[in-house]
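K.L.:
whatever this is, show me its structure:
(one chain, ligands or ions: 1)
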Amino acid sequence: MAAVKDIVTLVLDKDHKTTVTVHLHGATVLAWKTQGKEIIFVSESAIYDNKKAIRGGIPLVFPNFGPWELEPQHGFARISRWKLEKKPEKDDSGAMTAVFTLTDNKDTRKMWDHKFKLTYTLYLTEKTFKTTLKVDNTGKETFTFTTLLHTYFRTDDVTKATVSGLQGLEYVDKVRGDGKFTEDRELVTVAGEVDRAYAGTPNNHVITGVTGGGKVLMEKANLPDTVVWNPWVDKAKAMGDFRDDEYPSMLCVEAGHVATPLSLGASQSFTGSQTLTLMDE
Ligand code: BG6
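P.N.:
Sure, this is the predicted structure:
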């Protein structure tokens, strides 16, 4: 279990039917409950030791997607302690918002010697949950990075889930030795291990088969790529922080900027966002 002191909760309504829970380790979103339905998956074997990345939720990938020669897979943002910059409060439009920040420190500079500030802003309304990640280069040198919002959706049976908007696009298939292929399906489904990075995806995907909600619209801005991941049987067994029988219960659909790195000069910034909406069935 996560310790109470590590948790920040955004509560939209007095009945606690629409809430978001965030762990300060990685500013990892652990839960998004909308109208009483939990949409996000977190493994029952997730480890909350403030060291390891939390298995599930929405880990933030920065400054590197995938294996990284400078250190941990998917970078350090998801394993760093973030600061709660602005406590949850309602804005003028009635949305609950909260802001988390991460700035370079001796640990990050040991791996990646650059000055930066990450600002992660959450907005919660009755049906939508928006997350915005801003990257500021606060140093004098240009740096390059890749980034991604690694969202784990909760499913009852992942083989019944679908992801729209990928037909005709090129993808890198990590399951097939990083080979490049073109997607021919209108709706992508899962019937085995899936680990695909689609480049140049449209700004909208519809994900069906999500527990409780059924259908979620993912709208993204400035995040041109989409990764679809499910570990299936063998990878599930190989992960110490994931139960062997949990792979049918999740599907990662991850909005990012990963096919080509971004480059930021001194004082420049980048903002990418995703908005998740529970759609009527
Ligand atoms: C996905 C990658 O984004 O994350 C997969 O495409 C990887 O290759 C998965 O296995 C989980 O990564 P991790 O580091 O959280 O086990």
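K.L.:
touching, Cys207 and Cys252? I think so.
P.N.:
Wrong residue type there; residue 207 is Ile, not Cys. No - contact between Ile207 and Cys252 fails when scored by CB atoms under 8 Å: they sit 10.3 Å apart. Yep, even glycine has a C-beta here, placed from its N, CA and C like the rest.
K.L.:
now do the shared contacts for the two.
P.N.:
Residues touching both Ile207 and Cys252 (CB atoms under 8 Å, 6 or more residues apart in numbering): Phe153.
K.L.:
more neighbours, those two?
P.N.:
Comparing Ile207 with Cys252 by neighbour count (other CB atoms under 10 Å), the higher total belongs to Ile207, at 26 against 20.
K.L.:
what's the following helix or strand after whichever strand or helix holds that one?
P.N.:
Applying DSSP states H and E as the criterion places Ile207 in strand 204-210. Sequence-wise, the next helix or strand downstream of strand 204-210 (DSSP H and E) is strand 214-221.
K.L.:
give me the buried stretch members for that following strand, please.
P.N.:
By neighbour count on 16 or more other CB atoms under 10 Å, the buried set for strand 214-221 is 216-220.
K.L.:
overlap between these and the residues near the ligand?
P.N.:
Checked against the ligand using CB under 6 Å from any ligand atom, those give no members in range.
K.L.:
which among those gets closest to Thr144?
P.N.:
Lys220 (20.6 Å; CB to CB).
K.L.:
coming back round to it: got the buried residues of strand 214-221 as TSV, with pLDDT and distance to Gln167 columns?
P.N.:
As requested, those are exported to TSV (pLDDT from 0 to 100; distance: CB to CB, whole Å):
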residue	pLDDT	distance to Gln167
Val216	97	19
Leu217	98	17
Met218	98	16
Glu219	98	18
Lys220	98	17
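K.L.:
now the two most distant members of those.
P.N.:
Longest span within those, CB to CB: Val216 and Lys220, 12.6 Å.
K.L.:
how far away is Thr9 from the ligand?
P.N.:
24 Å (CB to the nearest ligand atom, to the nearest Å).
K.L.:
just the element for that residue, please.
P.N.:
strand 7-11.
K.L.:
neighbouring strands - and their directions - for that strand?
P.N.:
When sheet partners are counted by DSSP bridges, strand 7-11 sits next to strand 19-23 (antiparallel).
K.L.:
kindly export the strand it pairs with (C-alpha atoms) in PDB.
P.N.:
Output of strand 19-23 as PDB, limited to C-alpha atoms (Å, rounded to 0.1, in the frame of the first residue of the first chain):
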ATOM      1  CA  THR A  19     -11.600  11.700  -8.200                       C
ATOM      2  CA  VAL A  20      -8.000  11.400  -9.200                       C
ATOM      3  CA  THR A  21      -5.300  10.000  -7.000                       C
ATOM      4  CA  VAL A  22      -1.600  10.900  -7.500                       C
ATOM      5  CA  HIS A  23       1.500   9.400  -5.900                       C
END
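K.L.:
near the ligand, which residues of the stretch 1-150 of the chain show up?
P.N.:
So the stretch 1-150 of the chain meets the ligand at 53, 73-74, 150 (CB under 6 Å from any ligand atom).
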